[in-house]
Every structure is written in structure tokens, then in C-alpha cells.
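>>> sharing a model that was predicted from the sequence below.
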Amino acid sequence: MLHSRFLKVSLACTTLVGLVTAFSSVVATGASATGSPITLAYVTSLTGPAASEDAGSQAGFLARIDEQNAMGGVDGHKLVPLVIDDQTSPSVITTAVQDAISKGAFGIVSQSALFFLADKYPEEQGVPVTGSYDDGPEWGEQPFTNMFASDHGSVDPKYPVNTLVGGFLKSHGGTVIGTYGYGISPQSAAAARGAAESFQDAGGKVGVEDTTIPIGGTNFTAEALIAKQDGVNAMTPSMDDNSNFALATSLKQSGVKLKAALYATGYEPSVINSPVWPTLQGAYFLSAFRPWSLPDAGTQQEQAALEKYQGLPKTSFATYGVTESWLGADLMIKGLQMAGANPTRAAVIKDLRSIKAYNGNGLLPITVNYSTIFGHDPSNCAWVVKANKTGFTPISPQPFCGHDIAGTSTLSGS
């Protein structure tokens, strides 16, 4: 499975403050009356440890809704956004999702590493959910047939090893790999294990496979020394940017000579000219979505909406989280459009499950068939960009693809 989202985390935070940031008022659950507003909720981590990835990601969700409302909404129904901050806290996410549903959220777009802790509530209420599959296997497990990953389609709950990462690093000169994941996050740890096995499958050697990193950790002095001792010359971390870049800095300071480094995240405007930028020169970054430097109808639509409704500078580009939220809103809107003039939740779920060709207007590297994808992986593909002095450059106009290795699983103890 492509690990560009595996760095999302499950945390044991306990603070319960600032539960909901709302951009709307209460509306009816259904849209039974012609022209009645339809509330869509967006759940993400605006604060807490995962905010390093997700803070500001609501811009895509809001821009897509504003764009649709400018076209008259959906069959005359204005879309009303509700943005929820889960604070990267298990004690907040459940209450927040329940509160959104009680306030009449017709559907939910998720870009939260903690959504798996609250997934039963929308399922029990028959609420359609779109968004990022990064939090857990429920996107491909029964009974969660109300959930549609707008970035990947579905997941294989066994999390099989995929050839993409290992094959790429081996073909770019790596011979001994170091992989790193958070111990508290099943997804992050599974990604680290999967990358190691993928590299072995490509003919490489595993020097370090560390799935014990503390969440948000930034002290990698000991890990860097071990990597040097073990001859690591290829690296792929499955953590958040703050940890990934701290690791890269420690490896460089310890004299580890990397022939190839591949990051699942970090392809963001803010990274360019940041203090860590010189350390990242020559490194590769996965882009789960089509880079704006390879324009097509999808990138142009997203760029125009973000510039008009969210004030994104023309010289910038969307972050991973922003495009995630854009696609989540886009797929939900598509379901509403298909469900007729007076959509119901059940109709939206049924119609989304009938979609046989979704690619986010070209933003995705694959075309998703939701009628058959539930419970297994589609093709795993991503664009790859390289860090150079002036910015990120795609190394190919075409995405790189891998395949799942039959009979494998990256689950702990498998």
C-alpha cells in the first residue's frame, strides 16, 4: 500500500477544549425542502501534534464548497461548511463527530488520523463519509460501507507490502535501507515495516527498521549513529514532517551518506527556503496528487478556486492536506449531485457506490471504481518530485506505480 499517508498518528492526548470551530449554524439533517441548506462537516487536526500536517488543510474543503455555491449550490441547495478540530486527541474526536451529527451534518469529510475512533457513529446514523484513508482499515472493512476514500478508493485491511517504495529507492542507488515509524501509530509502524520488506523484495538489505519512535519525536542522535554503523544509504521515514526532517538533519550531522531518500510528506511550499531545505537537497518526495507544475484541468480548477476563495498566492501550490480536503468535498458534492433534487443520505451512499470512474478531474494518479474497490487496494501510484535549490521538480510527467505482493501483510505480528 502506498505510504504517503501512513504518518498519521493515534495519540493519548486528554485535553478537551475548543471542541468545534464552526463556520455554520444548525441545519436540517436531510435536504427535504427545495433550496434548504446542506451542512457538510470537515474533521481534521487544526491543533495538536498532527497540526504539523493538517493545520490549514480546510482551505481546500472551503474553496470547493465556495466554488460550488457560486454555481448555485447543488440543485439549488446551498452548502454550509462546518470545520471541526479534533485537536489530535482521542477524547475530542468522538465527541466532535457526535456533535457534528447532532447539529445536522448531512455528510462528513475526514482528514483525521483519529477518525477510526469515531467511525461507528456516522455508520450507525447512515452518514456518508469521504476523505483520506490514512487513519485505519475501516475504509475497507464491514460494516463501514458508508465510507469512500476520495484519495485511494479503499484499503486492503491486511495492509500488504507494496513494491513502489522499495523499487524506487533501489533503482536510485540505495543498497541498505533505514525505515522509521511511530510506535503508537499502527499506520506509521506498518508503513515502516512495509517499506523495509518492499526494499528487500527489490534486492536491497535492511539496515534499520525502527517502529518505536515516540510520537512527534525530534531527537534522533542515537538513531543516526546506528544508521551510520549499519551502513544505511537509503532512507524513508513514515512520520510527520517535524520528525522526518529532524531525522534527516541528524543523519547528515552524523555523516550518513544517503544515495536516496524518499519522503511521504514534505512536498509543501513552506519547506522551500526553510532551515531544513539545504539538508533536503537531492531528496525525493512522493506526491499523491498531480503536481501543479504538471498542469491539467484538475490542477487548474483547484488553483483557481484556492486563489479566488482562499487567497492562495499565484506563486504557491496546494499542500497535501489541502488537496485531500478538496477531493473529499468534491466527491461528496458528486454524490449529492447524483442523488437528485432532494438528496437523502442513503441515496448519496448508494450513488457513490455506483461510481466506476473517479479521478478528481485528473488530480489522482489512478481512476477509482467504487462499485468494486471496497475492501482491497487499487493500483498504487504517485508522482515523485525532487528537491533542488529553487524548489521541487517532478522527475517524470508520469506517476510511478507499484503492486501489492501477494500473501503479505504489514500488520504487527503477521
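Cool, the structure landed. What you are looking at is a predicted structure, and each value in this text was computed from that prediction instead of being measured. Numbering: from 1, shown residues only.
>>> what about stretch 362-379, how long is it end to end?
15 Å (C-alpha to C-alpha, to the nearest Å).
>>> and it, how far out from the chain's middle?
For stretch 362-379, the distance from its own C-alpha centre to the chain's C-alpha centre is 15 Å (C-alpha atoms, centre = their mean, to the nearest Å).
>>> buried residues of it, list them for me.
362-366, 368-370, 373-374, 377-379 (16 or more other C-beta atoms under 10 Å). Where C-beta positions appear, they are placed from N, C-alpha and C, glycine not excepted.
>>> out of these, who's nearest Asn388?
When the buried residues of stretch 362-379 are compared for distance to Asn388 (C-beta to C-beta), Pro365 wins out at 22.2 Å.
>>> can you tell me which two in the buried residues of stretch 362-379 are farthest apart?
Longest span within the buried residues of stretch 362-379, C-beta to C-beta: Gly362 and Phe374, 23.5 Å.
>>> looking at this, Val80 is in a helix?
No: applying DSSP: H, G, I helix; E, B strand; the rest coil, one finds Val80 to be strand, outside a helix.
>>> is it bridged to anything, and to what?
Going by DSSP bridges, Val80 is paired in beta bridges with Thr39.
>>> measure it to Ala41 for me?
10 Å (C-beta to C-beta, to the nearest Å).
>>> can you check Leu364 too?
Leu364 is 23 Å from Ala41, by C-beta to C-beta.
>>> same check on Met239?
Distance from Met239 to Ala41, by C-beta to C-beta: 28 Å.
>>> adding distance to Gly181, pLDDT and secondary structure, write the buried residues of stretch 362-379 out as TSV.
Converted to TSV, the buried residues of stretch 362-379 look like this (distance: C-beta to C-beta, whole Å; pLDDT from 0 to 100; DSSP: H, G, I helix; E, B strand; the rest coil):
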residue	distance to Gly181	pLDDT	secondary structure
Gly362	32	97	helix
Leu363	27	98	coil
Leu364	25	98	coil
Pro365	24	96	coil
Ile366	25	95	coil
Val368	27	96	strand
Asn369	30	95	coil
Tyr370	29	96	coil
Ile373	26	88	coil
Phe374	26	92	coil
Asp377	19	83	coil
Pro378	23	84	coil
Ser379	24	84	coil
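>>> Throw these into CSV and include distance to Ala406, thanks.
As requested, those are exported to CSV (distance: C-beta to C-beta, whole Å):
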residue, distance to Ala406
Gly362, 30
Leu363, 29
Leu364, 24
Pro365, 22
Ile366, 19
Val368, 22
Asn369, 21
Tyr370, 24
Ile373, 18
Phe374, 19
Asp377, 12
Pro378, 16
Ser379, 15
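>>> what about the residue nearest to Thr94 when sequence neighbours are not counted, how many residues nearby?
If the residues on either side of it in the chain are set aside, Thr94 comes closest to Ala118, at 4.6 Å by C-beta to C-beta, 6 or more residues apart in numbering. A count of nearby residues for Ala118, using other C-beta atoms under 10 Å, gives 25.
>>> Gly407 now?
With other C-beta under 10 Å as criterion, Gly407 counts 8.
>>> what count of nearby residues applies to the nearest residue to it once chain neighbours are set aside?
Closest residue to Gly407 apart from its sequence neighbours, by C-beta to C-beta, 6+ apart: Pro160 at 7.9 Å. Per other C-beta under 10 Å, the neighbour tally for Pro160 reads 23.
>>> please report how far Asp330 lies from Ser91.
31 Å.
>>> for Ala190, pull up the helix or strand it's in.
Using DSSP states H and E, Ala190 falls within helix 186-201.
>>> other SSEs contacting that helix?
helix 163-171, strand 176-182, strand 205-213, strand 234-238 (3 or more C-beta pairs under 8 Å, 6 or more residues apart in numbering; DSSP states H and E).
>>> packing partners of the first one?
Spelled out, it's helix 163-171. Using 3+ C-beta pairs under 8 Å, 6+ apart, helix 163-171 is in contact with helix 186-201, strand 234-238, strand 260-263, strand 380-388, strand 400-402.
>>> which residues touch the residue nearest to Thr94?
By C-beta atoms under 8 Å, 6 or more residues apart in numbering, the contact set of Ala118 is Ile93, Thr94, Ala96, Val97, Gln98.
>>> wait, the fourth one touches Ile108, no?
Yes: proximity of Val97 to Ile108 meets the contact threshold set by C-beta atoms under 8 Å, at 7.1 Å.
>>> and for those two, which residues touch both?
Val43, Pro122.
>>> which residue, other than its chain neighbours, is closest to His152?
Closest residue to His152 apart from its sequence neighbours, by C-beta to C-beta, 6+ apart: Tyr133 at 4.9 Å.
>>> what about the one you found, which SS state?
Going by three-state DSSP: Tyr133 is coil.
>>> right, and the helix or strand after the helix or strand where Trp326 lies?
Element membership for Trp326, per DSSP H and E: helix 320-338. Helices and strands here follow DSSP H and E; after helix 320-338, the next one along the chain is helix 345-352.
>>> my guess is Gln310 contacts Ala63. True?
Yes: with contacts counted by C-beta under 8 Å, Gln310 reaches Ala63, the gap being 5.0 Å.
>>> after the worst-scoring helix or strand of the chain on mean pLDDT comes which helix or strand?
Every helix and strand in the chain was compared by mean pLDDT, DSSP states H and E; the lowest is helix 51-54, with a mean of 84. Moving toward the C-terminus from helix 51-54, the next helix or strand (DSSP H and E) is helix 58-70.
>>> and that following helix, what's its mean pLDDT?
Helix 58-70 shows a mean pLDDT of 98.
>>> alpha carbons of it, as PDB, please.
Extracted C-alpha coordinates of helix 58-70, given in PDB (Å, rounded to 0.1, in the frame of the first residue of the first chain):
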ATOM      1  CA  GLN A  58      -9.500  23.200   5.500                       C
ATOM      2  CA  ALA A  59      -8.700  25.700   2.700                       C
ATOM      3  CA  GLY A  60      -9.400  23.000   0.000                       C
ATOM      4  CA  PHE A  61     -12.700  22.000   1.600                       C
ATOM      5  CA  LEU A  62     -13.900  25.500   1.900                       C
ATOM      6  CA  ALA A  63     -12.700  26.500  -1.600                       C
ATOM      7  CA  ARG A  64     -14.500  23.600  -3.200                       C
ATOM      8  CA  ILE A  65     -17.700  24.400  -1.400                       C
ATOM      9  CA  ASP A  66     -17.400  28.100  -2.200                       C
ATOM     10  CA  GLU A  67     -16.900  27.200  -5.900                       C
ATOM     11  CA  GLN A  68     -20.000  25.000  -5.900                       C
ATOM     12  CA  ASN A  69     -22.100  27.600  -4.100                       C
ATOM     13  CA  ALA A  70     -21.000  30.200  -6.700                       C
END
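>>> thank you kindly, that will do.
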